[in-house]
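Peer 1: Make a model of this:
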Amino acid sequence: MADAARLTGVAAIDESRLRASVRELGSAVIAYSGGVDSATLLAVAAGELGERVLAVTGRSPSLASGEAQSALRVARAIGAKHEFIATNEFDNPNYVSNPANRCYYCKDELYGRLTRLALERGFAHVADGCNADDGTFGLDMRPGRSAAKRHGVRSPLAETGFTKAAVRDLARRLGLRVWDKPATPCLSSRIPHGARVEPDVLRRIDLAERYLRARGFREVRVRHFGAAARIEVPLDDVARLATAQNAVTRALRAIGYERVEIDPRGYRMGSLNDTSL
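Peer 2: Numbers count the residues shown, from 1 in each chain. From the prediction side, this is the model:
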């Protein structure tokens, strides 16, 4: 009981620090994807800044089906102002060629658009949902963080030490429906670096993942290797997926894949560069 009370007290202190950090922004445009991190930041910002916060979601072919609608529903539930903008990263050959720092070009486009919007509308800052486990705040380096730094984007969750686990805990306490939502990175992240990112390919990946989610696989990645698809689900789901392999193979062949494999190692971040099938 004492430990529970102590943890509750620590969480309350952390939340108080986060709210103070958000208030210091004065006003902000939130780079809002509708995932747990940006939704948690938006909920706190809406509570502290009211009409002085605007959530903006970028739309492009790399956004998975249903994500825009989900983001809109969550923003409405929070009671925050929300808008969509079209981003044009596909006009940039540096993005389409899919180098190792592809994410930089995507985030540079998004944050550039948001900083201009903030200036035009009179918002003091642009902020994102980066947490303390992400990018330069954590153990790895993510190109998107370089873009954020270039555009002066603030990251209140990371700045106040909120890890992913702490963000989920706060989201649950705030009653956000996405508190346990799996990460949903852009569809381009399913394509190995060096292979071109094309809208038709992204549509194929999206269809494959939508089919698998409809079969009950909540967290899934379809890694795209040209004519071959490698499916990753959490280790606990691999056996269940294997029992449906024939049906899954037929479905993915119908959308253009010639070969389909279930990765027995399960879903892992950073598996993209392992091109063995």
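Peer 1: Only C-alpha atoms from now on, for both contacts and neighbour counts.
Peer 2: Noted.
Peer 1: what residue ranges in the chain score low on pLDDT?
Peer 2: For the chain, applying pLDDT under 70 flags the ranges 1-10, 135-141, 270-277.
Peer 1: what's the domain layout of it?
Peer 2: Annotated domains of the chain cover 2-173, 187-273 [automatic domain parsing].
Peer 1: Can I get these in CSV including mean neighbour count?
Peer 2: Supplementary listing: the domains of the chain in CSV, determined by neighbours: other CA atoms under 10 Å:
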stretch, mean neighbour count
domain 2-173, 19
domain 187-273, 17
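Peer 1: What's the separation between Glu198 and Phe162?
Peer 2: Distance of Glu198 to Phe162, computed by CA to CA, to the nearest Å: 35 Å.
Peer 1: again with Ala39
Peer 2: For Ala39, the distance to Phe162 under the criterion CA to CA works out to 14 Å.
Peer 1: coming back round to it: nearest to Asp180 among the domains of the chain would be which one?
Peer 2: Asp180 lies closest to domain 2-173 among the domains of the chain, at 6.6 Å (CA to CA).
Peer 1: a markdown table for the domains of the chain, including distance to Lys181?
Peer 2: What follows is the domains of the chain, written out as a markdown table (distance: least, CA to CA, whole Å):
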| stretch | distance to Lys181 |
| --- | --- |
| domain 2-173 | 7 |
| domain 187-273 | 9 |
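Peer 1: The closest residue to Val260 other than its chain neighbours: what's it in contact with?
Peer 2: Computed as CA to CA, 6 or more residues apart in numbering, the closest residue to Val260 that is not its neighbour in sequence is Ala229, at 4.9 Å. Going by CA atoms under 8 Å, 6 or more residues apart in numbering, Ala229 touches Val222, Arg223, Tyr257, Arg259, Val260, Glu261.
Peer 1: Can you pick out the ones from those that are in helices?
Peer 2: Here DSSP state H is the test, and the contacts of Ala229 give no hits in helices at all.
Peer 1: Can I get the residues you listed in a markdown table including distance to Ala147?
Peer 2: Supplementary listing: those in a markdown table, determined by distance: CA to CA, whole Å:
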| residue | distance to Ala147 |
| --- | --- |
| Val222 | 27 |
| Arg223 | 25 |
| Tyr257 | 34 |
| Arg259 | 37 |
| Val260 | 35 |
| Glu261 | 35 |
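Peer 1: and of those residues, the nearest to Ile191?
Peer 2: Using CA to CA, Arg223 is the member of the contacts of Ala229 that sits closest to Ile191, with 6.3 Å.
Peer 1: Please enumerate the helices of the stretch 1-150 of the chain.
Peer 2: Secondary structure of the stretch 1-150 of the chain (DSSP state H, counting those that start in this stretch): helices at 2-25, 36-49, 67-78, 93-96, 102-121, 143-150.
Peer 1: What segments of the stretch 51-200 of the chain are strands?
Peer 2: Listed from the start of the chain, the stretch 51-200 of the chain has strands (DSSP state E, counting those that start in this stretch) covering 53-59, 81-86, 125-127.
Peer 1: on that earlier part again, could you point out the helix or strand that follows the helix or strand containing the residue nearest to Val260?
Peer 2: With elements taken from DSSP states H and E, the one containing Ala229 is strand 228-232. Elements were assigned by DSSP H and E; along the chain past strand 228-232, the next helix or strand is helix 235-243.
Peer 1: Give me the angle between that next one and strand 228-232.
Peer 2: Between the direction of helix 235-243 and that of strand 228-232, the angle (axes from the mean of the first three to the mean of the last three CA atoms, to 10 degrees) works out to 130 degrees.
Peer 1: Tell me how far helix 235-243 lies from the chain's centre.
Peer 2: Using CA atoms, centre = their mean, to the nearest Å, we find the averaged C-alpha position of helix 235-243 to lie 25 Å away from the chain's own average C-alpha position.
Peer 1: now swap in stretch 18-36 and tell me
Peer 2: What separates the centre of stretch 18-36 from the centre of its chain is 16 Å, taken as CA atoms, centre = their mean.
Peer 1: Quick check: end-to-end length of that stretch?
Peer 2: 16 Å.
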